[in-house]
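Undergrad: A structural model of the following input is requested.
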Amino acid sequence: QVQLVESGGGLVQAGGSLRLSCAASGRTLSMYVMGWFRQAPGKEREFVGAITRNGGTTYFADSVKGRFTISRDNAKNTMVLQMTSLKPEDTAVYYCAADRGMGISTSLQTYDYWGQGTQVTVSS
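TA: You can find the predicted model right below:
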């Protein structure tokens, strides 16, 4: 089992940037496909992006494509979501998640472990 802890959330103005981190413990991160999801008030949790086990491939939701990037450092058991050109509609609680499967999935149900989330608020 792996434990995940997100950090780096906060308040930022529209057009700004934030860097979210996900730290893993308990198991080596290299065993998992890693994903980021977000949930805005009154809305369902949605896929943001994901990265393969070796970091060679990433995939993003259309809403963040070109603005967000994901990287991972398996040696340090960490993953980073770099967010740029932030918009008010990016406001949400952001969660990192780990999937024991082999390929990238956009489905919440595929992911086995979740962090507690970190709040991102983008002001207009």
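Undergrad: Nearest the middle, which residue of this structure would you pick?
TA: For the chain, the residue whose C-alpha lies nearest the mean C-alpha position (Cα atoms, centre = their mean) is residue 36; its distance is 2.4 Å.
Undergrad: OK, contacts around it?
TA: Neighbouring residues of residue 36 by Cβ atoms under 8 Å, 6 or more residues apart in numbering: 20, 22, 47-50, 68, 70, 81, 94-97. Where C-beta positions appear, they are placed from N, C-alpha and C, glycine not excepted.
Undergrad: The residue nearest to residue 32 when sequence neighbours are not counted: what's it in contact with?
TA: Distances taken as Cβ to Cβ, 6 or more residues apart in numbering place residue 98 nearest to residue 32, at 3.9 Å, with adjacent residues excluded. By Cβ under 8 Å, 6+ apart, the contact set of residue 98 is 2, 4, 24, 29, 32, 33, 34, 35, 111, 112, 113, 114.
Undergrad: Let's see that with 10 Å instead.
TA: 1-4, 22, 24, 27, 29, 31-35, 79, 111-115 (Cβ atoms under 10 Å, 6 or more residues apart in numbering).
Undergrad: Quickly find the element holding it.
TA: Here residue 98, judged by DSSP states H and E, is contained in strand 92-99.
Undergrad: Just the buried ones from the contacts of residue 98?
TA: Among the contacts of residue 98, those classed as buried by 16 or more other Cβ atoms under 10 Å are 2, 4, 22, 24, 29, 32-35, 79, 111, 113-115.
Undergrad: Take those and lay them out in a markdown table including pLDDT, distance to residue 62 and secondary structure.
TA: Shown next, in a markdown table, are the buried ones among the contacts of residue 98 (pLDDT from 0 to 100; distance: Cβ to Cβ, whole Å; DSSP: H, G, I helix; E, B strand; the rest coil):
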| residue | pLDDT | distance to residue 62 | secondary structure |
| --- | --- | --- | --- |
| 2 | 92 | 29 | coil |
| 4 | 97 | 25 | strand |
| 22 | 98 | 22 | strand |
| 24 | 96 | 28 | strand |
| 29 | 90 | 26 | helix |
| 32 | 96 | 24 | coil |
| 33 | 98 | 20 | strand |
| 34 | 98 | 20 | strand |
| 35 | 98 | 16 | strand |
| 79 | 98 | 21 | strand |
| 111 | 97 | 20 | coil |
| 113 | 97 | 26 | strand |
| 114 | 98 | 23 | strand |
| 115 | 98 | 24 | coil |
